[in-house]
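**Q** Based on what follows, work out the 3D shape:
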Amino acid sequence: MCLIIQINSNFLKNPNDANVTYFFYLNSQDKVLVPGCSYEKIRRTAARIGQEYRAEKQFGFYRLYSLLYEMAADLFEYSVYDTYLAADYSNNEDNHFLVEILNYIQDHYQDEQVLEEVCKEKGIGEKNLYKLLKKRIGMTPNQFLLKNRIEHAKYLLSCTNKSVDFIVDDCGFGSESTFFRVFKQSVGTTPLKYRKKGKLAENNPELKNYLDFNYSEANRLLYEYAKEE
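**A** From the prediction side, this is the model:
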């Protein structure tokens, strides 16, 4: 069983020093850098995260967040990790301002007017926003926004059964025609063909060990791994 947990970097940002990046050494095959707690504890927490996510309970995100923070605390307390400090970040107002803008767009890409909103929120004109992003990240504001919307749409198409109407609304495309047009331009295929391709890969026996979506078996394994020893 392979359980992949993707967490937005802002969720685990250190409020005392946002300029630090942490690299954890956690490999059950490594007999040297063994965590202070058992791998079973970390695996159990990961399985519980999977259970809570799949349960889709109302207000279940509170339980999900608590488990994510529990795992983060265990990693910091029990595992070996390195820290890396980005050069000159804390003393560079331009870098800090840029990160604030990018984070705002990433956190609000569902909003149709997010670019107008970030300009008002951060006190920058649309032309200056265009120049800043084009110079610093090589993309225009619209390109950066579209990239985030497309990536989220690809995830929803591949990993969920959400309807196209839901995806259009959740990703902030505004209309189905706009969604189909920009998705085809960016990905090279239509959303429906992209979803169908994902389903074909899911049933490919050569990929079965990596893409086995037997939900009942997944639930059974999550329950088994989440049990207390």
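**Q** per the record, what domains does the protein have?
**A** 9-85, 93-188 (automatic domain parsing).
**Q** quick one, which of those domains is packed in tightest?
**A** Mean neighbour count (mean count of other C-beta atoms under 10 Å) peaks for domain 93-188 among the domains of the chain, with a mean of 15. For every residue, glycine as well, the C-beta is placed using N, CA and C.
**Q** On the three-state scheme, residue 27 is what?
**A** Taking DSSP: H, G, I helix; E, B strand; the rest coil as the rule, one finds residue 27 in the coil state.
**Q** Just give the nearest non-adjacent residue to it, would you?
**A** Leaving out its chain neighbours, the residue that sits closest to residue 27 by C-beta to C-beta, 6 or more residues apart in numbering is residue 33, at 7.2 Å.
**Q** doesn't residue 23 make contact with the one you found?
**A** No. Assessed by C-beta atoms under 8 Å, residue 33 is found out of contact with residue 23, at 11.8 Å.
**Q** quick one, helices of the chain?
**A** Using DSSP state H, the helices of the chain run over 39-55, 60-78, 93-107, 114-122, 126-136, 141-159, 164-170, 176-187, 191-202, 215-226.
**Q** In CSV: the ones you listed, plus distance to residue 7 and mean pLDDT.
**A** What follows is these, written out as CSV (distance: least, C-beta to C-beta, whole Å; pLDDT from 0 to 100):
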stretch, distance to residue 7, mean pLDDT
helix 39-55, 10, 85
helix 60-78, 6, 88
helix 93-107, 13, 84
helix 114-122, 22, 93
helix 126-136, 25, 90
helix 141-159, 14, 90
helix 164-170, 19, 92
helix 176-187, 24, 93
helix 191-202, 22, 75
helix 215-226, 18, 72
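**Q** for the ones you listed, which one sits closest to residue 5?
**A** Comparison of the helices of the chain against residue 5 by C-beta to C-beta identifies helix 39-55 as nearest, at 6.0 Å.
**Q** what's the angle from that closest one to helix 60-78?
**A** If you take axes from the mean of the first three to the mean of the last three C-alpha atoms, to 10 degrees, helix 39-55 sits at 160 degrees to helix 60-78.
**Q** Any idea how many residues pack against the closest residue to residue 50 other than its chain neighbours?
**A** Distances taken as C-beta to C-beta, 6+ apart put residue 222 closest to residue 50, at 4.8 Å, once the chain neighbours are dropped. Residues lying near residue 222 (other C-beta atoms under 10 Å) number 21.
**Q** Who are the contact partners of residue 222?
**A** The contact partners of residue 222, by C-beta atoms under 8 Å, 6 or more residues apart in numbering, come to 3, 47, 50-51, 54.
**Q** roughly how far apart are it and residue 22?
**A** 27 Å (C-beta to C-beta, to the nearest Å).
**Q** can you check residue 77 too?
**A** Taken as C-beta to C-beta, the span from residue 77 to residue 22 is 13 Å.
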